Every structure is written in C-alpha cells, then in structure tokens.
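Novice: Okay, predicted coordinates and the sequence, questions at the end:
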Amino acid sequence: QQQVKQSPQSLIVQKGGISIINCAYENTAFDYFPWYQQFPGKGPALLIAIRPDVSEKKEGRFTISFNKSAKQFSLHIMDSQPGDSATYFCAASSGFKTIFGAGTRLFVKA
Amino acid sequence: GAVVSQHPSRVICKSGTSVKIECRSLDFQATTMFWYRQFPKQSLMLMATSNEGSKATYEQGVEKDKFLINHASLTLSTLTVTSAHPEDSSFYICSARDFSNEQFFGPGTRLTVL
C-alpha cells in the first residue's frame, strides 16, 4: 500500500531525445507527487510536482503526466541534454509521509 | 526555491566517537524536518521525522538511542550519530517542509567511520 514503483531502473537516451520515467502507486490517499533530480554526492533537488486534480503539468522541458484512475504518473524530459544525466526519483506524499521510488539513473549520450 | 543547508558536508571519524550533523532552513521556517539515509545507488530511506519542540518519530528499525535528533527551532535540526561504527558510514540527507508542504532537501553529509 505504501510502495511507489518506479521504472526503468536505468535509461540511456540520445541527446535531443525524450526521456520517459514511470511511477505507479497504490495508496489513494497520496495527494502530492513530486519528482526529484539528484547528482552524485548531492542532495535531491525538487524538479517538478503535481497534485491529482490536474492531468498534466509542464515546466520548460519537463512534463508530468498524471493518470489518477490508473494510479500512475510519469516524467517526460524533452530535448534531453547531457547535463540532464542524473538519478531521478519520483515520490508520493500524503500529510507528513513521503514515499520515494527506487530511482532511475538517466544517461544522455552526447 | 527554498534553501536547506547541512554541515558538515563530509566527516571522517574513528569508531566509537559521536558525530553531529546540522540541518538548517535558511530562508523559511520549517514545520517539519526529515532525516534520510542513502546507500550508494539506492533510494532514500527515511530515518525519522521531527517537529520543532517535540520528540522525533523514528521509522521502524531505526535505533533512537543511536541516532539522536533534536529540533530546537523552526530553522534547525541536528542528527547525532552516537558511538559510530563502520556500518554507520553512509550519506545522510535532511529535508525541511515549509508551510505549503513543499519539501526541500539539503546537500547531504558523507559520514565515514574508520
């Protein structure tokens, strides 16, 4: 019930391509779904977040798609750049509890 | 965005000593602060949740006597690893939640116990 399943575990994308990372949750009490970007040796940084009352949110090259009925959400990175190479974590939050996905290591080839 | 700092960024200590890590919210007041532990190439593991002026709530399996958390003010929380051993070596990350429930992470502290 508390799990957030994230896939794929790793992803290699050509420069300029689209990176897609998927997450699924079970607990319908979650009401906030952030994505974090983490570089090696650094703390995670909030990238973009969505609440379940909208199906899509776009900020620059980053888009979250949210499917409430399927209990799934995904991150799309358009025009992927080598500088986007990092580990991405999805999360689901309810009240004081935030559950993180296992992470996706993205490598963008130049 | 809001800024959370951690100090020190790296610490090396001898087995049996205690280490204190500070977490500060620099430009906002944090209603709640969280402490995570992260092993290489793994996700964040929540250790404990702390609210200002009250005792921390520890996750199952986390020794409260070993990982002492103090949340003295709305901008400062500390984690003390007592009698550290090599298996406590890890990357410790704090985060702070503001009044809008956004959660911001610190840069992390790399602890190495020899």
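Specialist: Yep, it's here. Numbering: from 1, shown residues only, chains lettered A, B, ... in the order given.
Novice: For whichever strand or helix holds residue A:49, C-alpha coordinates in PDB please.
Specialist: For residue A:49, the host element (DSSP states H and E) is strand A:45-50. Output of strand A:45-50 as PDB, limited to C-alpha atoms (Å, rounded to 0.1, in the frame of the first residue of the first chain):
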ATOM      1  CA  ALA A  45      16.500  18.800  -5.800                       C
ATOM      2  CA  LEU A  46      12.800  19.300  -6.500                       C
ATOM      3  CA  LEU A  47      12.300  19.300 -10.200                       C
ATOM      4  CA  ILE A  48       8.600  19.500 -10.700                       C
ATOM      5  CA  ALA A  49       5.500  18.300  -8.800                       C
ATOM      6  CA  ILE A  50       1.800  17.700  -9.500                       C
END
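Novice: Point me to the helix or strand that includes the residue most central in space within chain B.
Specialist: Chain B has residue B:35 as the residue nearest its centroid, 3.7 Å off, counting by CA atoms, centre = their mean. Taking DSSP H and E as the criterion, residue B:35 maps to strand B:32-38.
Novice: Sheet-wise, list the partners of that strand with their directions.
Specialist: strand B:44-51 (antiparallel), strand B:90-97 (antiparallel) (DSSP bridges).
Novice: what about chain B, any weak spots by pLDDT?
Specialist: Across chain B, the ranges flagged by pLDDT under 70 are B:1.
Novice: May I see the strands paired with strand B:32-38 arranged in TSV, with distance to residue A:80 as well?
Specialist: For glycine as for every other residue, the C-beta is placed from the backbone atoms N, C-alpha and C. Formatted as TSV, those follow (distance: least, CB to CB, whole Å):
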stretch	distance to residue A:80
strand B:44-51	24
strand B:90-97	26
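Novice: Look up the pLDDT of the residue lying closest to residue A:3 once chain neighbours are set aside for me, please.
Specialist: Of all residues not flanking residue A:3 in the chain, residue A:26 sits nearest, at 6.3 Å (CB to CB, 6 or more residues apart in numbering or on different chains). For residue A:26, the model assigns a pLDDT of 93.
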